[in-house]
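Novice: When you get a sec, could you give me coordinates for this:
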Amino acid sequence: MKRIMLLFVASMLFSGMMFAQEYHWADFDFHDYTRPMIVISRVQFNGEFQNRADIEVAAFVGDELRGRSFLFEPYPGTPIDGQYYAYAPCYYNTPGETFTFKAFDHAANLEYDVCSTTLVGQDDGHGTVEDPIILDFSRTVEPSYGPEYPWVPSTAYNGEGMVVTAQIMIDGVLVDRGSYEVGVFCGEECRATSGVEGLDDWTDIDMGYFAFMNVMGNNGDIINFYLHDLENNCNFAGICSTVIELENGGELGVDIFGGGIFVLNFESIQTFTKDIIGYGTGTGNWYMIASPIDGIDPFDVTNMIAYPEEDYDLFSFQQVDGEEWLNYKVDLFNLEAGKGYLYANKEDVTLTFTGVPYNGDGEVVLEKVDDAIWSGWNLVGNPFTETAYIGDRDFYIMNFGGTEIIKSTSPSIEPMEGVFVIAENDGEMLTFSTVPPAKSAMLSLNLSQGRNVVDCAAVRFGVGRSLPKLQLNPNSTKVYIPMDNVDYAVVLSEGAGELPVNFKAESNGTYTLSFTAEEVSFNYLHLVDNMTGADVDLLVPEPVEGPASYTFTAKTTDYPSRFKLVFATGNNSDDNFAFFSNGSFVISNEGEATLQVVDVNGRILKNETINGSASVHINAAPGVYMLRLINGDNVKVQKVVVD
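Specialist: Numbers count the residues shown, from 1 in each chain. The predicted model follows:
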């Protein structure tokens, strides 16, 4: 081991004298520090080992340079021949100081400023020749929105060119100052530049600011426009979606007083952030995300891509059997506005999206592949930079811990949030809107443990559609409504009856079911616990302070058919005021009235006075019964079938 180390150090000193390269980072005085340590490392760029002597590694404590080294090749013939190492003396004053690392590729003139490895100051140093520290670097890349400024027009073209006079706008608003410069490009080649002047500088008419350009080139060249903000030294004030085809001798927008105004509208570049909580050593903290910028490369989203690759995950969803999830690490893709993506990161990070925000109509075409296992499922995302809605359509979100996809309890979808929806037909249109929809009648069932909502289900009245239950983990805690051998997160109801509510616990403990009603009033609303026999009136006391709720204990071994809901709404027609449940006729009523129960032979089986809504027990055999509710001159009659 000592021999290898001596050869290693000697080879580094020899290589250093041979190359005598200049360091990228400024020098520092190691005499300012009291403790040295040696860091022996191998260097990777994006997971690939680097075996070149023109790569430099630097160690920092905060912003202070504390050590640096070029890569060295060990002396030929040693057991580590051909494997380039960095042998960096690093200096510190207090044991435990945290060191971070950067790298510089002198051949490519690139600085790699992201390294996931951090080390603490210690006298023993870090790494050996036989077991070096691995430093894996990536770099923060600022997205490029056009050619680098300043712009210099090409002198390769002679001739007439094309005269373009354009009114300048940013985000649809006329610019209010002349401190801009317009650059005209064909590909990466600059064909013209122009300052921006106010029309009132030429005339007494104020019509905003214009640029006057004589664009050179060949007929048919495709011309793009860029705008530089001179006042704020902003490399690009925005992106222009307008392109033109060059026509030598042509004119565009010159006749500004005759209505021939040509407008260049530049859309401003903006920045949007989303905080991500890292999963650390656990498995949760998944996020369904969306991009507010259409077509952005995930690599251009700050902090989205991590190195090593094991420290992050990014997936796109598709309806293909066995291949539903496309992995960005294998199948590179850009983030499309209106689509959702599944994302997780080992560390706490802030995702930063920079570019021109989406300004489309919010329409997304849904797919339904009949032979797919997840037929009709679509992972979509809010494309806007503000809260969005998708009408009265129910959708799924990620739960609090990022472990399970559950029905949303809110109609709103936040910026950069992805959601799952279900299409009933291929090519079905979904529209994101920033206008809240009218509320529809719905009873929500929210299952919580402690302060965290772990699952949800709902009953809709009048409009909407049924929504199957989605479970990524079959063993997770869930609440659902079973019907016809299908588990549902949302079912439709006509306004009276009873529904089974199943519950399955992932762990033994105490849970709470809470109930909230939107745009629906109930005359009767009870939750029956089939296991304990508890019959909970969810309308008492009146008015209910906050959501009505029921707290219970459960075990993982309990049967799932735990509850049932019995309800009658105040939205029923006059003819529907009763239904049969659990040996009783449940009557929806206001004030004092007489109830009569009549069998098919006309015999009155029950004749009693009730006050308000009531549950009237009767030993009723299966069959058809007529119920009469008499309130003064008002008589209601309803036929009820008892199974």
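Novice: from here on, contacts and neighbour counts on C-alpha atoms
Specialist: OK.
Novice: who's in contact with E363?
Specialist: 338, 429-432 (CA atoms under 8 Å, 6 or more residues apart in numbering).
Novice: Is it bridged to anything, and to what?
Specialist: Following DSSP bridges, E363 is listed with bridge partners T431.
Novice: Tally up the residues packed near N233, please.
Specialist: By other CA atoms under 10 Å, the residues close to N233 number 12.
Novice: now it: how far from E404?
Specialist: As judged by CA to CA, to the nearest Å, N233 and E404 stand 46 Å apart.
Novice: And for Q167?
Specialist: Q167 is 52 Å from E404, by CA to CA.
Novice: show me what contacts H228?
Specialist: 149, 180-183, 234-238.
Novice: Restricted to strands, list these.
Specialist: If you go by DSSP state E, the contacts of H228 have 180-183, 234-238 in strands.
Novice: farthest-separated two in those?
Specialist: G183 and C234 (13.7 Å; CA to CA).
Novice: Which one's more surrounded, those two?
Specialist: Using other CA under 10 Å as the criterion, G183 and C234 rank with G183 on top: 24 against 13.
Novice: Run through the residues that contact the residue nearest the centre of the chain.
Specialist: Of all residues in the chain, the one closest to the mean position by CA atoms, centre = their mean is I289, 1.3 Å from it. By CA under 8 Å, 6+ apart, I289 lies in contact with 340-343, 381, 416-418.
Novice: would you list the residues you listed in TSV and tack on neighbour count?
Specialist: Formatted as TSV, those follow (neighbours: other CA atoms under 10 Å):
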residue	neighbour count
G340	27
Y341	24
L342	21
Y343	18
G381	29
M416	26
E417	25
G418	26
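Novice: Let's have those residues in CSV, adding distance to S268, pLDDT and secondary structure.
Specialist: Output for these, formatted as CSV (distance: CA to CA, whole Å; pLDDT from 0 to 100; DSSP: H, G, I helix; E, B strand; the rest coil):
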residue, distance to S268, pLDDT, secondary structure
G340, 24, 98, coil
Y341, 25, 98, strand
L342, 28, 97, strand
Y343, 27, 97, strand
G381, 22, 98, strand
M416, 19, 98, coil
E417, 22, 98, strand
G418, 24, 98, strand
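Novice: Put together CSV for those, with distance to V616 on each row.
Specialist: CSV is the format used below for the contacts of I289 (distance: CA to CA, whole Å):
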residue, distance to V616
G340, 51
Y341, 53
L342, 52
Y343, 54
G381, 50
M416, 52
E417, 49
G418, 48
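Novice: And those, which two are furthest apart?
Specialist: Y343 and G381 (12.9 Å).
Novice: Quick one: residues contacting the spatially closest residue to E592 that is not a sequence neighbour.
Specialist: In space, E592 comes closest to N611 once its chain neighbours are excluded; the distance is 4.3 Å by CA to CA, 6 or more residues apart in numbering. Shown in contact with N611 (CA under 8 Å, 6+ apart): 589-593.
Novice: Domain boundaries for the chain, per the record?
Specialist: 2-138, 162-268, 573-642 (automatic domain parsing).
Novice: In a markdown table, list those along with mean pLDDT and distance to D484.
Specialist: Shown next, in a markdown table, are the domains of the chain (pLDDT from 0 to 100; distance: least, CA to CA, whole Å):
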| stretch | mean pLDDT | distance to D484 |
| --- | --- | --- |
| domain 2-138 | 81 | 52 |
| domain 162-268 | 85 | 52 |
| domain 573-642 | 82 | 19 |
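Novice: just to revisit the earlier point, any idea how far the residue nearest to the centre of the chain lies from P500?
Specialist: For I289, the distance to P500 - CA to CA - is 34 Å.
Novice: Quick check: bridge partners of S493?
Specialist: Beta-bridge partners of S493, as defined by DSSP bridges: F461.
Novice: Touching, it and V459? I think so.
Specialist: Yes. Between S493 and V459 there is a contact under CA atoms under 8 Å: 6.6 Å.
Novice: Of the two, which one has the most company?
Specialist: Neighbour count, other CA under 10 Å: between S493 and V459, V459 has more, with 22 against 16.
Novice: T609: what's it in contact with?
Specialist: Neighbours of T609 in contact, by CA under 8 Å, 6+ apart: 592-595.
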